[in-house]
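Novice: test case, fold it:
(one chain, ligands or ions: 1)
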Amino acid sequence: MPYFVSSAARSAAATAGPGRVLLASPRGYCAGADRAVVTVEKALDRYGPPVYVRQQTVRNAHVVRALERRGAVFVGATDEVPEGAVVVCPEHGTAFEVHAEAARRGLTTVDASCPRVTKVHLEARRFAREGYDILLIGREGHEEVVGALGEAPDRVHLVGGPDDVPYLRVADEGRVVWLSQTTLSVDETAVTVHALKARFPAVLGPPGDDICYATRNRQATVRRLAGICDLVLVIGSRKSAAAARLAETAVLAGVPAAHLVDCAEEIDPAWLRGMSTVGLTSGASVPEILVAEALDRLAAYGFDDVEVIGAEAGGPEWRPAGVAWLGDDRGF
Ligand code: SF4
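Specialist: Have a look, this model is predicted:
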């Protein structure tokens, strides 16, 4: 569907274009977000509406509206769900207390946890059992972090960044391990890990990377875009940690300007003045239709030459040795 652009907006961008759009690949839905939406759909099929869904499960307003039309009811917390009802818990995990509260109230809980998040939670549990103090790099209050802290409250210490490192107190400095939230900035996490290694020389790392492939590959592509674009646009919810990290990654990688927008309407034509190359990507819970609408809007402003760009010129995406490329760029 062509995107409508008012004459006022068109004149605001009058000095922009003709320009290029470099479209990131991979972008958009990761396997975990895709799985969460499918889980809600399957719960609706199996139990019938209403199915209650914790808000953090699906962050994109477009997808939320589609699921609401089928009978999903989005709630902020489990205590808003009527007793005996069905509730879907988010892909970035659920704190132990939330599961316990759901059981007390007779709720049927459908778990949409992403396997990558479950991996971090299981690592926290295992290292705590083995007597380690766990230094969890993450954002305070994020569902995934709350879940990991709940695995071993006495053993897991939240590390927001390098500034927190001097204040950490552990039982045995020879028995510490760092883990991380799955959706952090790869670059910022590396700085924090460096500080942890300086403070605790014996610190272990996670058995496999905690930041998931979807997050890494999207950030690697944005880093490349930042080096060759005048402006990077990220489509995604402001509530999404992964989308916010994409915009931050672009700025850290040196792009003159980056904006996080919920949808095409939020692209301000004034941003395009004097620009010749715009990079476009989307967060891990954003459907392709929103990218298509953004491309339509950019084309209306003269940015109609679109080229798809990967993480490396002609190269494969980053992935650990031994992991096969299966042709699905949404992978965990
Ligand atoms: S961003 Fe990564 S960890 Fe989060 S849901 Fe997607 S695949 Fe899973």
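
Novice: who's in contact with the residue of the stretch 201-332 of the chain found nearest the ligand?
Specialist: Minimum separation of the stretch 201-332 of the chain from the ligand (CB to the nearest ligand atom) falls at C212, amounting to 3.2 Å. Heads up, the C-betas are built off the backbone N, CA and C, glycines and all. The neighbours of C212, taking CB atoms under 8 Å, 6 or more residues apart in numbering as the test, are C30, G32, C114, R116, T182, T183, F332.

Novice: double-check that V63 belongs to a helix.
Specialist: Yes: the assignment for V63 by DSSP: H, G, I helix; E, B strand; the rest coil puts it in a helix.

Novice: name the SS class of L179, please.
Specialist: strand.

Novice: and the strands in the chain?
Specialist: 20-24, 51-54, 72-75, 86-89, 108-111, 133-137, 156-159, 176-180, 231-235, 257-261, 277-282, 305-309 (DSSP state E).

Novice: neighbouring strands of the second one in the sheet, and parallel or not?
Specialist: What that stands for is strand 51-54. strand 72-75 (parallel), strand 86-89 (parallel) (DSSP bridges).

Novice: the fifth one now?
Specialist: Using DSSP bridges, strand 108-111 pairs in its sheet with strand 86-89 (parallel).

Novice: contacts for the partner strand?
Specialist: For strand 86-89, using CB under 8 Å, 6+ apart, the contacting residues are 36, 39-40, 43, 47, 50-54, 57, 75, 78, 81, 98-99, 102, 107-113.

Novice: correct me, but E188 touches V159?
Specialist: No: if you go by CB atoms under 8 Å, E188 and V159 don't touch, sitting 11.4 Å apart.

Novice: okay, these two: which has more neighbours?
Specialist: The neighbour comparison of E188 against V159 (other CB atoms under 10 Å) goes to V159, with 23 against 16.

Novice: and the residue of this structure closest to the ligand?
Specialist: G32 (2.3 Å).

Novice: neighbours around that residue, how many?
Specialist: Count around G32 with other CB under 10 Å applied: 27.

Novice: pLDDT below threshold where in this structure?
Specialist: The chain contains residues with pLDDT under 70 at 1-17, 56-57, 59, 312-332.

Novice: contact residues of it facing the ligand?
Specialist: 30-33, 91-92, 114, 116-117, 182-183, 212, 214-215, 242, 284, 332 (CB under 6 Å from any ligand atom).

Novice: quick revisit: among the strands of the chain, which is the most enclosed?
Specialist: Most buried of these by mean neighbour count (mean count of other CB atoms under 10 Å) is strand 231-235; its value is a mean of 27.

Novice: grab the nearest non-local neighbour of S276.
Specialist: G19 (5.0 Å; CB to CB, 6 or more residues apart in numbering).

Novice: domain ranges for this protein?
Specialist: With automatic domain parsing as the criterion, the domains of the chain are listed as 7-29+213-309, 31-113, 116-199.

Novice: starting at the chain centroid, how far to the first one?
Specialist: How far domain 7-29+213-309 lies from its chain's middle: 16 Å, per CA atoms, centre = their mean, to the nearest Å.

Novice: again with the second one
Specialist: Using CA atoms, centre = their mean, the distance from the centre of domain 31-113 to the centre of the chain it belongs to is 18 Å.

Novice: tell me which residues touch the residue lying closest to D164 once chain neighbours are set aside, please.
Specialist: Leaving aside its chain neighbours, D164 sits nearest to L158 (7.7 Å; criterion: CB to CB, 6+ apart). Residues in contact with L158 (CB under 8 Å, 6+ apart) are L136, G138, E140, V145, L149, D164.

Novice: for F96, same thing?
Specialist: F96 touches G147, G150, E151, counting by CB under 8 Å, 6+ apart.

Novice: beta partners for V261?
Specialist: Where V261 sits in a bridge, its partners, by DSSP bridges, are I235.
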